[in-house]
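**Q** I would like to see how this sequence folds:
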Amino acid sequence: MIKHLVFDFGGVLIDWNPLHLYNKYFGNEEKARWFIENICTMDWNVQMDAGKPFAEGIAELTAKHPEWADAIAAYRSRWGEMIGGPVPGMLERVRQLKAAGYHVWGLSNWNWDTLSTIINDYPAVAELEGMVISGLEYVIKPQPEIYNILLQRYNLRPEESIFIDDNIANVEGARAVGMNGLQFFNAEQMEADLKLLFNVAVNP
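**A** Sure thing, here's the model as predicted:
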C-alpha cells in the first residue's frame with residue numbers, strides 16, 4: 001500500500017533551467033544550448049549539487065575556459081534568472097495528495113547556498129513534511145546512499161513510497177533501493193500515471 005510520495009524539486013516542483021538565463025545572456029538559443037552542453041554542463045553543475053562551493057567550481061571552470069569567464073560567472077551571479085517559477089499544477093496536487101491522507105516528502109540534487117535563497121518562495125515545498133537535499137548531505141542521486149538517508153531519517157518503508165523525478169536515472173536509482181519510481185513530465189501526466197500504475201488518486 002502506498003503511503004508516501006517523494007518529490008524531486010527542479011523540474012517537478014520548481015521550474016529550474018539554465019536556458020532561462022542563457023537564452024537572454026546570449027540572445028541566441030543555439031549558442032545557449034551549446035554553452036550548457038560544453039562549458040557549464042550538468043556534470044559540472046552536479047559538483048555543486050554535491051556540496052562543492054560555487055566559488056570553487058567557477059574558479060576551476062574559468063581556469064579551463066578563460067574565454068568564457070563572464071558567461072561562467074553569470075551561472076552564479078545571475079542564478080536566480082534560471083528559475084521560471086513553480087511547475088504548473090503541482091502545488092494543487094501536492095495539497096490534494098496530503099488531503100487524501102498521503103505523506104509528502106522532498107529529495108533533490110541542489111546546492112544549498114542557492115536553494116536556500118528561494119525555497120521559502122514555493123508553497124509546494126512548504127507543504128512537504130521533510131526533505132533531503134544533496135548539497136547538505138554531500139551525496140547525490142542516483143547514488144543509493146541519498147535515498148537511504150531519506151528512508152532512514154523519516155522511517156519510510158521503500159515499498160510504500162513513490163519517488164517522482166523528471167530524470168529517469170534518478171527514478172531508476174530509487175527503484176534500485178526498493179522504492180517505486182515514476183518519471184515526471186507534467187502535473188497532468190503525473191496524476192494520470194499515479195492512478196493507472198499505483199491506484200493513487202490525486203483528487204479522490
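**Q** now the helices: where do they sit in this structure?
**A** Counting by DSSP state H, the chain has helices at residues 18-26, 29-38, 42-49, 54-64, 69-77, 90-99, 112-115, 123-126, 134-137, 144-153, 168-176, 187-198.
**Q** how much space is there between Ile119 and Phe163?
**A** Applying CB to CB, to the nearest Å, the value for Ile119 to Phe163 is 20 Å. (Each C-beta comes from the backbone N, C-alpha and C, glycine too.)
**Q** Of these two, which one has the most company?
**A** Phe163 (27 against 18; other CB atoms under 10 Å).
**Q** my guess is the more buried one meets Ala174, correct?
**A** Yes - judged on CB atoms under 8 Å, Phe163 makes contact with Ala174 at a distance of 3.7 Å.
**Q** Touching both of those two, which residues are there?
**A** Both Phe163 and Ala174 are contacted by Val6, Tyr147, Asn180, Gly181, under the criterion CB atoms under 8 Å, 6 or more residues apart in numbering.
**Q** What about those residues, which one has the most neighbours?
**A** When neighbours are counted by other CB under 10 Å, Val6 leads the shared contacts of Phe163 and Ala174 with 29 neighbours.
**Q** Tell me the bridge partners for the residue nearest to Val171 when sequence neighbours are not counted.
**A** Leaving aside its chain neighbours, Val171 sits nearest to Gly181 (3.8 Å; criterion: CB to CB, 6 or more residues apart in numbering). Note on Gly181: beta-bridge partners by DSSP bridges are Phe163.
**Q** wait, which of the shared contacts of Phe163 and Ala174 is closest to Trp79?
**A** Trp79 lies nearest to Val6 out of the shared contacts of Phe163 and Ala174, by CB to CB, at 25.2 Å.
**Q** Just the C-alphas of stretch 90-109, formatted as PDB.
**A** C-alpha atoms of stretch 90-109 as PDB (Å, rounded to 0.1, in the frame of the first residue of the first chain):
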ATOM      1  CA  MET A  90       2.000  20.900  -8.700                       C
ATOM      2  CA  LEU A  91       1.000  22.900  -5.700                       C
ATOM      3  CA  GLU A  92      -2.600  21.900  -6.100                       C
ATOM      4  CA  ARG A  93      -1.700  18.300  -6.500                       C
ATOM      5  CA  VAL A  94       0.600  18.100  -3.600                       C
ATOM      6  CA  ARG A  95      -2.100  19.600  -1.400                       C
ATOM      7  CA  GLN A  96      -4.700  17.200  -2.800                       C
ATOM      8  CA  LEU A  97      -2.400  14.200  -2.000                       C
ATOM      9  CA  LYS A  98      -2.000  15.400   1.600                       C
ATOM     10  CA  ALA A  99      -5.700  15.900   1.900                       C
ATOM     11  CA  ALA A 100      -6.200  12.300   0.700                       C
ATOM     12  CA  GLY A 101      -4.000  11.100   3.500                       C
ATOM     13  CA  TYR A 102      -0.700  10.600   1.800                       C
ATOM     14  CA  HIS A 103       2.600  11.800   3.300                       C
ATOM     15  CA  VAL A 104       4.700  14.100   1.000                       C
ATOM     16  CA  TRP A 105       8.500  14.500   1.100                       C
ATOM     17  CA  GLY A 106      11.300  16.100  -0.900                       C
ATOM     18  CA  LEU A 107      14.500  14.600  -2.300                       C
ATOM     19  CA  SER A 108      16.600  16.900  -4.500                       C
ATOM     20  CA  ASN A 109      20.000  17.400  -6.000                       C
END
